[in-house]
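Q: Take this sequence and fold it.
(chains A and B)
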Amino acid sequence: MSDIRDEEDAHEFRAEALSLWRITFSPLIWAVHFVTSYGATALVCAKGGVGAVALLRLGISIGTVFALALILWLAWGAWRQWDLRRDRAWENDAGTSEDRHQFLGHAAFLLAVISFIGVVYVSLPVLLIGGCG
Amino acid sequence: MTKPASLPMAEGPYPPSEAALAEPVPQAEQQRGAEELRAAWKTPEGWRYVTAVNNSEVGKWYALTALAFMLIAGVLALLMRVQLAFPDMTFLDADRFNQFFTMHGSAMMFLFAVPMFEAISILLLPAFLGARDMPFPRLSAYGYWCFLIGGCFVLGSLLFDAAPKAGWFMYPPLATKEEGIGPDVWLLGLSFIEVASIAAAVELIVGALKCRPPGMRVNIMPLYAWYVLVVGGMILFAFPPLIAGDFLFELERSFDWPFFDPTRGGDPILWQHLFWIFGHPEVYIVFLPSIAIAAMIVPTVAQRPIVGYSWIVLSAVGTGFLSFGLWVHHMFTTGLPQISLGFFSAASEAVVIPTGIQIFAFVATLMVGRVKLTLPMLWIAGALAIFVAGGLTGVMLAIVPFNWQVHDTYFIVAHLHYTLFGGMVFPVIAGVYYFYPFIAKKLLSERLGLWAFWLIFSGFNITFLPMHLTGLMGMPRRVFTYPESSGWGWLNLISTLGAFIIAAGFAVFLYDLLRPKKAQGEIPRNPWGAGTLEFSHEVPEEAWGVRSVPHVTSRYPLWDQPQLVERMDAGRYYLPDAPDHQRETIVTSVIDAKPVHVQRVTGPAWITILAAGFTGGAFIFPTFHIYTPAIICGAFAIVCIMYWLWTSTARPPKEEMRDAGLGLRLPTYASGPDSVGWWAMWITMLGDATAFASVVFGFFFYWTARSDFPPEGALHPMGHWVVLAALAGVAAWALTLAAREANVRSKVALARAALVLAPLAAGVAGVAAWAAVRDLDPTSHVYPAILWALMVWLVAHLSAGVLMQGYCLAGSVFGKLTPRHDADLRNVTLYWHFMAVKALVTAAILGLAPGWLA
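A: Model (predicted):
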């Protein structure tokens, strides 16, 4: 009989304590990207000189590429944690540590996808609108 | 170095083996356990009934009170519709009409929608989780009494013709200049209720994270718990900006500090930002828990597990995040830079994706299941139809040029009612039908339910569908009447007729809800054939929540674990008895729900009602500019809360370990991150830090928005006092930390010495912060005013920190706090971690920012 002090999966899933937080990392990147873009725009439009808007657009574009790269990297990690290619189970609905592990990967992966789309959306105005107006 | 004292840990077999579960419980044992539990969880009778704190009682009161407030707000709407039925009506005058639309919106949002979420969650969450109660029952009760007092106060102002009349979002300068006490009623009354909301959010988050039954890992917890987590988190980040805004607003109303007065450097747009950073997430705070009810009903109706559990989790979490990027779409006409508008337009379109995903997941579940069209499902179907229509107009409104066109017209009124009826009212009524057997142990009438549905559904569309057109034809919101030549008369008449059909539907629903149902007899335990734990409830009712806390291995334990209910009833699982006649529940780990310890839960008390009464006084007296009784009430409220904490929380237990059943032995005391109190402190401080950040945001907002910030030749805070405040603040934190470390190493005298010095250092920090800004005149310009506001904020928090240090010192002296039992000190240290950051940030703004900005 197993004992409550046994840490049967301790090695395999050591980082799990963090993984409930980890599913929020991609949306957090979206949030940071959003707030930075908004803050920088407000600042440049209120205080910036003539050439500042071009610089702002460049800056936000670089920030966007950086944010998208980070999200892709998180998505790759989450995809591997989900492990769909090896284990075709989609639902991960058993009360086992393996299913919990894969479920958190699945959720993190989906959130990375939505955050990716969110970051792309938010960067569009910078590409399409040229001035503070 | 002395070795740190440590608490015992859980021991025994886990997870339970099938053999252990299959072993029957002797009859005598079953009877003993049941009797002990019945004694421990007895609901107080007679006039003492109001002292009850059990989630089933508090949840019922909460829900009924919110329903009553909703009906009052609904009556206001009907009266407004009468006034608008024909052109040039004189049924209501302009002033009363203004009061009514302001209170209709405010009451529906603050007194119905958000409290209803809290009420339903308090009522149902423990049942979904097979827990005995919420982790802090007295906190729920305190929150409820605050809500009742605050709600009656705010709505009562209508009877004295003194209600606020500047609209539910209280825009300055209209609201700051308004005569009378209306805006003060709004600001103070609703701030009071916001505090109660944050209390409920803390309770619900901790409940969902730490009070799940053994074995219920995060991948199998009911979707409702996921939604509660997300919504609780959203409340923590959405309500504090509004509280910060209320704080600035009330300082302007009471002491003439010009935060929103442009003639003295202020800016009314700051209020709009703070209000809508709250206001838009608020819409999702209302929507998500209601759609969570749909996530519980749909699998039952389809008689199969939900399709796309992970997708719905994505949807809840994703919506929670994205909804914070939408607030400026309420401010498209305020003249912000076009690129900025673009960001919010884009985010408003993006949020549709996760919102839509959950609806597709529900539809998919219904498609692959065998659907029985029950009454709850009918209401859910109505909800989806209406919500999708509201969502589509939302997509239109997210487009800036269209938004400019229909801004402040009845098109907006139509849109927001479609989202709120479809996203909140209909799913909640579906929930009432679905969970009524659980709540009242009776069933609602099928026939009356159909009547109510078709009346409300058709009435709703008759009222609000024409409003799209009324708005496009140009009718502005909030006008108390209109001329005949406008051509809106017939549309308004249709809307008014529809409003009365809705009212008739609600009358039927209400009658069905409240009529006596004695003749019905005993109902089946699981009338819908649901798979989740709440339908393991006992009929007739028992107050103990669950007879024994089950070990759960599936998302739908009632479907997949065939003998579960039988074994729960027999007391085969955990905590099947209560030898000391104490209320207890089981606390588990966050991810995998491994049993950690047994938590004592508090029982019936007057002190919560008393504390809420005094808190009410502290908020209500300042409305009338009476400050001495307010301060006395505030002091008594603090005394009450401290008495309640001292007498019934985190006391060293008699026995260190408790037999929890199935051979498992669990500790009866926890400290630090294992304990629920530590989580509650952590979560509260996150919310508090958000409010602080909002005030700091105000400082930088003025800097970007105004060229005269800081004004030329302004006095700045005195540098040496600022430095002293920072150093003393950090010293107070370091001493608190030192006290914790000394205490855990059994150096009690050293710990006490640190706890004597720490409040002194905190006091020095407070005085120095005050001395730094003493010579500045906060009424002269917004620059000194915001510095004063930061100082007041810091000093208030330092004072709370000093009380906590004193509480720990007293605990150490009187034996409540020992080297092993140091939960209080750990929680207070956590408070001081945040406090140290706040002191440093405040000092940086007071001392350094003027130099940077110049």
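
Q: Please work out which residue of the stretch 701-850 of chain B is closest to chain A.
A: Nearest residue of the stretch 701-850 of chain B to chain A, counting by Cβ to the nearest Cβ: B:Thr704, 4.6 Å away. Any C-beta I mention is one placed from the backbone N, CA and C, and that applies to glycine too.

Q: Find the nearest non-adjacent residue to that residue, please.
A: Leaving aside its sequence neighbours, B:Thr704 sits nearest to A:Ala46 (Cβ to Cβ, 6 or more residues apart in numbering or on different chains; 4.6 Å).

Q: what do you get for B:Ile631?
A: B:Ala618 (7.7 Å).

Q: Secondary structure element for the one you found, which one?
A: helix B:607-620 (DSSP states H and E).

Q: How about B:Leu444?
A: With DSSP H and E as the test, B:Leu444 turns up in no helix or strand.

Q: Show the contacting residues for it.
A: By Cβ atoms under 8 Å, 6 or more residues apart in numbering or on different chains, the residues touching B:Leu444 are B:Leu375, B:Val432, B:Tyr433, B:Tyr436, B:Asp512, B:Leu513.

Q: on that earlier part again, could you give the number of residues near the residue of the stretch 701-850 of chain B closest to chain A?
A: Applying other Cβ atoms under 10 Å in any protein chain shown, we find 16 residues neighbouring B:Thr704.

Q: One more: B:Met681?
A: B:Met681, neighbours per other Cβ under 10 Å, totals 21.

Q: Excluding covalently adjacent residues, which one is nearest to it?
A: B:Asn827 (4.5 Å).

Q: okay, the one you found: pLDDT?
A: With respect to pLDDT, B:Asn827 scores 97.

Q: And for A:Asp87?
A: Per the predicted model, pLDDT is 76 at A:Asp87.

Q: pretty sure it is touching A:Gln102, no?
A: Yes. Contact criterion Cβ atoms under 8 Å: A:Asp87 and A:Gln102 qualify, at 6.8 Å.

Q: Who has more neighbours out of the two?
A: Neighbour count, other Cβ under 10 Å: between A:Asp87 and A:Gln102, A:Gln102 has more, with 24 against 12.

Q: chain center to the helix or strand in which the more buried one is found: distance?
A: Using DSSP H and E, the element containing A:Gln102 is helix A:97-128. Distance of helix A:97-128 from the chain centroid (Cα atoms, centre = their mean, to the nearest Å) equals 5 Å.

Q: From the chain's centroid, how far away is stretch B:647-655?
A: Relative to where its chain is centred, stretch B:647-655 has its mean C-alpha point 28 Å off (Cα atoms, centre = their mean).

Q: so what's the residue in chain A positioned nearest to chain B closest to, chain neighbours aside?
A: Relative to chain B, the nearest point of chain A is A:Pro125 (2.5 Å; Cβ to the nearest Cβ). Nearest residue to A:Pro125 in three dimensions, chain neighbours excluded: B:Gly342, at 2.5 Å (Cβ to Cβ, 6+ apart).

Q: pLDDT wise, what is the residue nearest to B:Ile631 at?
A: Value for B:Ala618, per-residue pLDDT: 95.

Q: Look up how far chain A lies from it.
A: 34 Å (Cβ to the nearest Cβ, to the nearest Å).

Q: what's near enough to touch that residue?
A: By Cβ under 8 Å, 6+ apart, B:Ala618 lies in contact with B:Ala630, B:Ile631, B:Cys633, B:Gly634, B:Ala637.

Q: make it 7 Å
A: Counting by Cβ atoms under 7 Å, 6 or more residues apart in numbering or on different chains, B:Ala618 touches B:Ala630, B:Cys633, B:Gly634, B:Ala637.

Q: Taking those, tell me the two that lie furthest apart.
A: B:Ala630 and B:Ala637 (10.4 Å; Cβ to Cβ).

Q: Go ahead and confirm the residue nearest to B:Met681 touches B:Val676.
A: No. Distance between B:Asn827 and B:Val676: 10.5 Å, which falls outside the contact criterion (Cβ atoms under 7 Å).

Q: Among the contacts of B:Leu444, which one lies nearest to chain A?
A: B:Tyr433 (27.3 Å).

Q: Figure out how far the one helix or strand that closest one maps to is from the centre of its chain.
A: According to DSSP H and E, B:Tyr433 maps onto helix B:426-440. Relative to its parent chain, helix B:426-440 has a centroid offset of 20 Å by Cα atoms, centre = their mean.

Q: what residues does that helix touch?
A: B:60, B:116, B:120, B:123-124, B:127, B:290-291, B:293-294, B:297, B:375-376, B:379-380, B:382-383, B:386, B:442-444, B:449, B:509, B:523, B:527-528, B:534-535, B:537.

Q: on that earlier part again, tell me who's in contact with the residue nearest to B:Met681.
A: Per Cβ under 7 Å, 6+ apart, neighbours of B:Asn827: B:Gly677, B:Trp678, B:Met681.

Q: In terms of secondary structure, what does whichever strand or helix holds the last one contact?
A: Same thing as B:Met681. B:Met681 is part of helix B:676-705 when elements are defined by DSSP H and E. Helices and strands touching helix B:676-705, by 3 or more Cβ pairs under 7 Å, 6 or more residues apart in numbering or on different chains; DSSP states H and E, are helix A:25-47, helix B:182-210, helix B:223-255, helix B:268-302, helix B:782-813, helix B:823-847.
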